[in-house]
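Engineer: Below are the sequence and a predicted model; questions follow.
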Amino acid sequence: MPSLTLETCPSADSSEAIRVGFTATRKFGGAVVRNRAKRRLRAAAAAVLPLSGKPGNDYVLVARAGTLTRDFASLKEDLAAAIKTAHLKQTDPKPGERS
């Protein structure tokens, strides 16, 4: 997605909670810029994960250049699309695997 990268996996424990983490690397900018990007990601996650997140999964949202410049509605749409794509990849068997 242009505004974020999403990493997801099933939780290591048997919890049904949705856990989420946020990151912005130093190459993204100074502390003020990184914190602003993470605040935007937190707000988007608070709006989208209760609706689209899957219980028992961990999510890590990584800030990208578009995190700060994209309008908030588009940021939420990007997150929802990334979650949908990630869940499809979790359920689709890889070539050579049985379902």
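Structural biologist: Sure thing, it's come through. This structure is a prediction, so every number in the text was calculated from the model and none was measured.
Engineer: ranges for the strands of this protein?
Structural biologist: Using DSSP state E, the strands assigned to the chain run over residues 4-10, 19-23, 57-63.
Engineer: Those strands: which one's closest to V33?
Structural biologist: Among the strands of the chain, the nearest to V33 by C-beta to C-beta is strand 57-63 (9.0 Å). Heads up, the C-betas are built off the backbone N, CA and C, glycines and all.
Engineer: pLDDT averaged over the closest one - what is it?
Structural biologist: Mean pLDDT, taken over the full extent of strand 57-63, equals 94.
Engineer: now stretch 34-50
Structural biologist: pLDDT averaged over stretch 34-50 gives 95.
Engineer: next one: stretch 6-19
Structural biologist: Average pLDDT, stretch 6-19: 85.
Engineer: Report the distance from it to the chain centre.
Structural biologist: 12 Å (C-alpha atoms, centre = their mean, to the nearest Å).
Engineer: Could you do stretch 58-66 as well?
Structural biologist: Relative to its chain's centre, stretch 58-66 lies at 5 Å (C-alpha atoms, centre = their mean).
Engineer: Ok, stretch 37-48 next?
Structural biologist: 9 Å.
Engineer: Return the set of buried residues in it.
Structural biologist: 37-38, 40-41, 44-45, 47-48 (16 or more other C-beta atoms under 10 Å).
Engineer: Tell me which of the strands of the chain sits most buried.
Structural biologist: Stretch with highest mean neighbour count among those: strand 57-63 (a mean of 20; mean count of other C-beta atoms under 10 Å).
Engineer: what residues does that one touch?
Structural biologist: With contact meaning C-beta atoms under 8 Å, 6 or more residues apart in numbering, strand 57-63 is reached by 4-12, 18-25, 28, 34, 37-38, 41, 44-45, 49, 53, 79, 83.
Engineer: got the angle for that strand vs strand 4-10?
Structural biologist: Strand 57-63 runs at 160 degrees relative to strand 4-10, counting by axes from the mean of the first three to the mean of the last three C-alpha atoms, to 10 degrees.
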